[in-house]
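Asker: My questions concern the predicted model and sequence given below.
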Amino acid sequence: MKPRPPTLRQNRRYILIRIAPSYPALEGKPLYLAVAEAVVALFGDQGAARIDQAVVATMPGHAVVRCRRGEEERLIAALATVTTVEERRIALHPRAVSGTIRSLKDRIVAPPEPIVLAGDDDEGAPRRVRIGAIRVDVTEHDYKGENVLHFETIHPEDR
């Protein structure tokens, strides 16, 4: 089947979103389900059909979401209500809107790689990790119990 000429195609808009925190890698399908649930909760089934959202690509710390032209503001409002994906607490921050995915990929800033300062040992000492320019304390749950993760700032002279 031949592709449709540009005059007969639907106009789409692509939204680049930053995922915070960036360290858990998200897959496309769970993120799509969370976004679809948020759109339906805000605008109902008819509004979701009008917006026609889809997660096109996921990268570490970022994702690209597609919608119909003219519905970008409604999709951005729905993205602001997403708080969990697969029982992980996250926030979605829109960064840019464009008509092509290629132009959005130029705007992606790679998140800083976490640096492990002290590994887990058998005595239950918490793992210390540096990421970005802020300090955050997080509790990590695994089958052995809970560990507190300490995130610290990275100073340029420490590198």
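Answerer: Cool, the structure landed.
Asker: Let me see the residues that make contact with the longest helix along the chain.
Answerer: Among the segments of the chain that qualify as a helix by DSSP state H, the longest is helix 28-51. For helix 28-51, the surrounding residues in contact (CB atoms under 8 Å, 6 or more residues apart in numbering) are 53-55, 57-58, 63, 65, 67-68, 71, 74-75, 77-79, 81-82, 84-86, 92. C-beta coordinates here come from the backbone N, C-alpha and C atoms, glycine included.
Asker: Break down this structure into its helices, ranges please.
Answerer: Going by DSSP H, the chain shows helices at 28-51, 72-79, 101-105.
Asker: Can you tell me which of these is nearest to residue 5?
Answerer: Of all the helices of the chain, helix 101-105 sits nearest to residue 5, with 20.1 Å by CB to CB.
Asker: I'd like to know which elements that closest one is packed against.
Answerer: Packing contacts for helix 101-105, counted by 3 or more CB pairs under 8 Å, 6 or more residues apart in numbering; DSSP states H and E, involve strand 12-20.
Asker: Now do the strand it packs on against helix 72-79, angle only.
Answerer: 30 degrees (axes from the mean of the first three to the mean of the last three CA atoms, to 10 degrees).
Asker: and the angle for strand 12-20 with helix 28-51?
Answerer: Going by the same axes, to 10 degrees, strand 12-20 makes 140 degrees with helix 28-51.
Asker: sorry, back to before: so which of the contacts of helix 28-51 are in strands?
Answerer: In strands, defined here by DSSP state E, the members of the contacts of helix 28-51 are 54, 55, 57, 58, 63, 65, 67, 68, 84, 85, 92.
Asker: Just the buried ones among those residues, please.
Answerer: Buried by 16 or more other CB atoms under 10 Å: 55, 58, 63, 65, 67, 68, 85, 92, out of the ones in strands among the contacts of helix 28-51.
Asker: Spit out the contact partners of the fifth one.
Answerer: Which is residue 67. 12, 13, 15, 51, 52, 53, 54, 75.
Asker: Which pLDDT value goes with the nearest residue to residue 61 once chain neighbours are set aside?
Answerer: Once flanking residues are discounted, residue 61 sits nearest to residue 22: 3.3 Å by CB to CB, 6 or more residues apart in numbering. At residue 22, the predicted lDDT confidence score is 75.
Asker: Residue 22 and residue 47, how far apart?
Answerer: Distance, residue 22 to residue 47, by CB to CB, to the nearest Å: 30 Å.
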